[in-house]
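In: pasting the structure only:
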């Protein structure tokens, strides 16, 4: 997996972060050919009959630790926005279809997405709601045998619906501090007609669909956050051993070694906790994970994203002026410091997750 990331993903990631364009089609094509898109969704029936990474692992043997490796290798590309553009929407948008769609709808959508032919995303965050998912205003009215969907209208109970890209669906890019390559967009619905068969789960019980999906999303984001933090540690170690100050290597300074020790402690503690939860996931089904692991995953993500902010600050101090430049050895530090907050708010803000964890 690392060879694939270094040879195929990393060069494209750096180029697209520079020009702001979406990930290149040939990267999606290679990921589809090797069934990496499918493996990023974890173990399950969607892997049946597929050849994974040219046969490195059999579908029935693939587990959460294989998925962990994939997520963490993809987190090493020093391109946080590109990382989301490279199927981030699929990782959080397709699981509700796999777990709650009627068989006919699932069997139509899943192959197209897993084979890299179409994209899917999850539209949950609203300007009016944010982490308050129950405060969504997008409204769908039942008329005969279909839904009519409109955005930003007061609604009642929550129902999750698959809305095909078509008439009445508009998107426009949202500029963010962590790169336009992420594909972040504002979506509006204007009298969009959707068949009732596109309902996911039970009508009016959409909150369960959304909340159960959050576990995998938060776990996946944490995988990437821990991995990215480790790459920053690697950059700091390389810099400290070659940079000389006051006639000595930078690493000879006790204050610098103290910062490195703090970064190492944060990386390893998050990694250990992550692997403990992954082990538990390996022995639970989807619904058991939603019931028993929501609190632990919430705590882990909160702990990790708070830690990475300390790591970013320490890394900038270690690199000095190089840490705020967009070129040279400091460019990855600058990018990390500028883009890390997406993980602190995506999938639930830190304070929200802390409160969630305390209730479980």
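Out: Alright, I've got the coordinates. This is a predicted model, so every value here is computed, not measured.

In: burial of residue 48, as a residue count?
Out: By other Cβ atoms under 10 Å, the residues close to residue 48 number 9. The way it works is simple: take the backbone N, C-alpha and C, and place the C-beta from them, glycine included.

In: the one 5 residues further on now?
Out: Using other Cβ under 10 Å, residue 53 has 16 neighbouring residues.

In: going forward, begin numbering at 332 instead of 1
Out: In the new numbering, first residue 332, that becomes residue 384.

In: distance-wise, check it relative to residue 429.
Out: 20 Å (Cβ to Cβ, to the nearest Å).

In: cool, and residue 656?
Out: When distance is defined by Cβ to Cβ, residue 656 is 43 Å away from residue 429.

In: next: residue 337.
Out: 30 Å.

In: residue ranges of the helices in the stretch 482-631 of the chain, please?
Out: 537-573, 585-613, 617-623, 625-650 (DSSP state H, counting those that start in this stretch).

In: ok, which of those comes nearest residue 465?
Out: Nearest to residue 465 among these is helix 537-573 (6.5 Å), distances taken as Cβ to Cβ.

In: mind listing what's buried in that closest one?
Out: For helix 537-573, the neighbour count (16 or more other Cβ atoms under 10 Å) marks 537-541, 543-564, 566-567, 570-571 as buried.

In: quick one, that helix and helix 585-613 angle?
Out: 150 degrees (axes from the mean of the first three to the mean of the last three Cα atoms, to 10 degrees).

In: helix 537-573 - what's its average pLDDT?
Out: Averaging pLDDT along helix 537-573 gives 95.

In: can you give me the strands in the chain?
Out: Counting by DSSP state E, the chain has these strands, from start to end: 470-474, 477-481, 491-492, 500-504, 516-520, 523-526, 530-531, 575-576, 579-580.

In: can I get these in a markdown table including distance to residue 413 and mean neighbour count?
Out: Output for these, formatted as a markdown table (distance: least, Cβ to Cβ, whole Å; neighbours: other Cβ atoms under 10 Å):
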| stretch | distance to residue 413 | mean neighbour count |
| --- | --- | --- |
| strand 470-474 | 33 | 15 |
| strand 477-481 | 30 | 18 |
| strand 491-492 | 28 | 22 |
| strand 500-504 | 15 | 13 |
| strand 516-520 | 15 | 15 |
| strand 523-526 | 30 | 17 |
| strand 530-531 | 29 | 22 |
| strand 575-576 | 34 | 10 |
| strand 579-580 | 33 | 12 |
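
In: residue contacts, the most centrally placed residue in the chain?
Out: Centroid-nearest residue in the chain, with Cα atoms, centre = their mean: residue 552, separated by 4.3 Å. For residue 552, the contacting residues are 632, 674, 677, 678, by Cβ atoms under 8 Å, 6 or more residues apart in numbering.

In: most widely separated two among these?
Out: 632 and 677 (9.3 Å).

In: re the thing from before, when residue 337 and residue 429 are compared, which one has more neighbours?
Out: residue 429 (18 against 13).

In: quick check: the more buried one vs residue 537, distance?
Out: From residue 429 across to residue 537, the span is 16 Å (Cβ to Cβ).

In: go on, residue 367?
Out: 30 Å.

In: quick one: pLDDT of the spatially closest residue to residue 452 that is not a sequence neighbour?
Out: Of all residues not flanking residue 452 in the chain, residue 420 sits nearest, at 3.5 Å (Cβ to Cβ, 6 or more residues apart in numbering). As predicted, residue 420 sits at a pLDDT of 92.

In: same check, this time on residue 519
Out: 91.

In: need the contact list for it.
Out: Residue 519 makes contacts with 482, 483, 500, 501, 502, as judged by Cβ under 8 Å, 6+ apart.

In: bridged to it, which residues?
Out: Counting by DSSP bridges, residue 519 is bridged to residue 501.
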